[in-house]
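Engineer: just need the structure, nothing else, for what follows:
(one chain, ligands or ions: 2)
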Amino acid sequence: MLNVSIIGASGYSGAELAKLVARHPEFSLTHCFVSEQSTDKHKLISELYPEHTGLLDIELEPLNQQAFSLIEQSTDYVCLCTDHKVSVELAPVFLQMGKRVFDLSGGYRLSDNEDYETYYGFSHPYQDWLTQAQYGLAEWYGDAIKAAKLVAVAGCYPTAALNALKPLQQADLISAQPVIINAVSGVTGAGRKANVTSHFCEVSLAPYGLFTHRHTPEIEKYLSHPVLFTPHLGNFKRGILETIYVTLKENVTTNQVDAAYQVLADEPLIRLKASQLPSIKAVENQPFVDIGWQQKGNQLIVVVAIDNLLKGAAGQALQCMNLAAGLDHYQGLGMSA
Ligand SMILES: NC(=O)C1=CN([C@@H]2O[C@H](COP(=O)(O)OP(=O)(O)OC[C@H]3O[C@@H](n4cnc5c(N)ncnc54)[C@H](OP(=O)(O)O)[C@@H]3O)[C@@H](O)[C@H]2O)C=CC1
Ligand SMILES: CC(=O)N[C@@H](CCC(=O)OP(=O)(O)O)C(=O)O
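Structural biologist: Numbers count the residues shown, from 1 in each chain. Ligands and ions are numbered 1, 2, ... in the order given. Below you'll find the predicted structure:
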């Protein structure tokens with residue numbers, strides 16, 4: 001058994017990951033932490049999430065000095081389900097203890113400090129670790145994830161976009177024009193902390209972050225192609241749906257597009273729907289990426305859906321942890337090959 005500690009376990013992605021780890025046959029959920037000042041410290045996760053009574057009657061411990069010693073002695077894998085800046089500071093501490101770190105934040109996903117300044121609003125203090133971090137997009141970088149000390153688990157919107165677009169890019173079917181990605185996310189994407197924009201009475205359906213969202217450089221980096229990415233906040237709890245407009249190179253046929261997607265055909269967590277288009281309903285509370293597409297001439301519209309807390313966060317983190325442990329990446333996600 002590998003011992004796992006989760007930092008930020010009271011949050012939406014942390015609690016989702018705690019649930020997956022607690023049910024996993026090869027992992028043991030050793031400790032769950034919140035900040036030292038947290039109003040939730042010493043509560044049980046199941047007090048915050050009563051649906052997990054019995055499974056997650058585990059205390060949320062404050063991340064104080066004693067906690068660091070506890071982690072050093074008792075933990076193999078440390079999962080950071082914390083804000084980017086918190087993760088940036090915590091990851092090196094655990095890496096120096098020799099732990100394998102799985103960071104669900106964006107703190108180690110980009111390589112260019114200028115992008116951190118532009119899109120995250122801070123200068124990255126740990127260039128060395130930034131260089132060593134491995135991007136955690138499980139279906140695409142499995143071997144590198146297996147060997148990595150620090151895995152920067154892929155972002156939620158990028159997970160959907162990259163799985164939808166990398167097959168086309170790999171087959172060299174995309175023209176030089178930017179790919180247009182319109183995305184809608186449920187409100188859990190904004191985290192559990194109270195916030196006016198995610199307040200019940202304020203949420204409707206609205207775009208945000210035009211040209212400035214931090215997932216633009218993340219998608220561009222791992223796609224190697226320019227994108228125009230516009231996220232929207234929708235009035236539902238969980239799930240992401242992206243409608244993606246691709247201008248194909250001249251004379252690309254539907255057979256070529258269909259063939260390009262076959263690169264993902266044997267992946268248990270990817271469901272190729274072709275002309276049967278994906279929906280949030282089909283992926284909510286599920287670990288899958290659903291991808292559908294339709295083509296007219298050299299215009300291709302790809303529709304992709306994921307659950308933001310599973311494939312977009314905790315599910316993908318578990319896939320990376322499985323890879324690191326030498327297990328099938330989909331173990332513990334209710335799947336068999
Ligand atoms: N929600 C989503 O769909 C996705 C989220 N992510 C990323 O995962 C990370 C967590 O997101 P999410 O679960 O939504 O966030 P939440 O706001 O729901 O949870 C954040 C957690 O971090 C804890 N925390 C805050 N400050 C500290 C600290 N200094 N030390 C230890 N724990 C701390 C919080 O508890 P407390 O404040 O009480 O201490 C809480 O448990 C973020 O980086 C986010 O970008 C990635 C993909 C998708
Ligand atoms: C709806 C909403 O607010 N979504 C978040 C993205 C989710 C997230 O936490 O982003 P990472 O995947 O980069 O960690 C946002 O746009 O900032």
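Engineer: next helix or strand past whatever helix or strand Gln256 lives in?
Structural biologist: Taking DSSP states H and E as the criterion, Gln256 maps to helix 254-261. Sequence order places strand 270-274 as the next helix or strand after helix 254-261, per DSSP H and E.
Engineer: could you confirm whether stretch 186-194 reaches ligand 2?
Structural biologist: Yes: between stretch 186-194 and ligand 2, judged by CB under 6 Å from any ligand atom, the touching residues are 189-190. (Glycine included, C-beta is placed from N, CA and C.)
Engineer: now do the buried residues in that stretch.
Structural biologist: Judged by neighbour count (16 or more other CB atoms under 10 Å), stretch 186-194 contains these buried residues: 186-192.
Engineer: show me what contacts Ile306?
Structural biologist: Going by CB atoms under 8 Å, 6 or more residues apart in numbering, Ile306 touches 156, 159-160, 239-240, 283, 288-290, 312.
Engineer: nope, Ile71 is what I meant
Structural biologist: Contacts for Ile71 (CB under 8 Å, 6+ apart) come out as 5, 31, 78, 94, 97, 99.
Engineer: kindly state the pLDDT recorded for it?
Structural biologist: Looking at Ile71, its pLDDT stands at 98.
Engineer: also Ser275?
Structural biologist: Reading off the model, Ser275 has pLDDT 89.
Engineer: so who does it touch?
Structural biologist: Going by CB under 8 Å, 6+ apart, the list of residues near Ser275 reads 292-294.
Engineer: swap in 7 Å and give it another go.
Structural biologist: 292, 294 (CB atoms under 7 Å, 6 or more residues apart in numbering).
Engineer: what about it, distance to Pro268?
Structural biologist: Per CB to CB, to the nearest Å, Ser275 is found 22 Å from Pro268.
Engineer: and the residue of this protein nearest ligand 1?
Structural biologist: Closest to ligand 1 within the chain is Gly11: 1.9 Å, counting by CB to the nearest ligand atom.
Engineer: that residue against Thr188, yeah?
Structural biologist: No: taking CB atoms under 7 Å as the contact criterion, Gly11 and Thr188 are not neighbours in contact, 9.7 Å apart.
Engineer: state the number of residues packed around Leu210.
Structural biologist: Leu210: 11 surrounding residues under other CB atoms under 10 Å.
Engineer: fine by me, we can end here.
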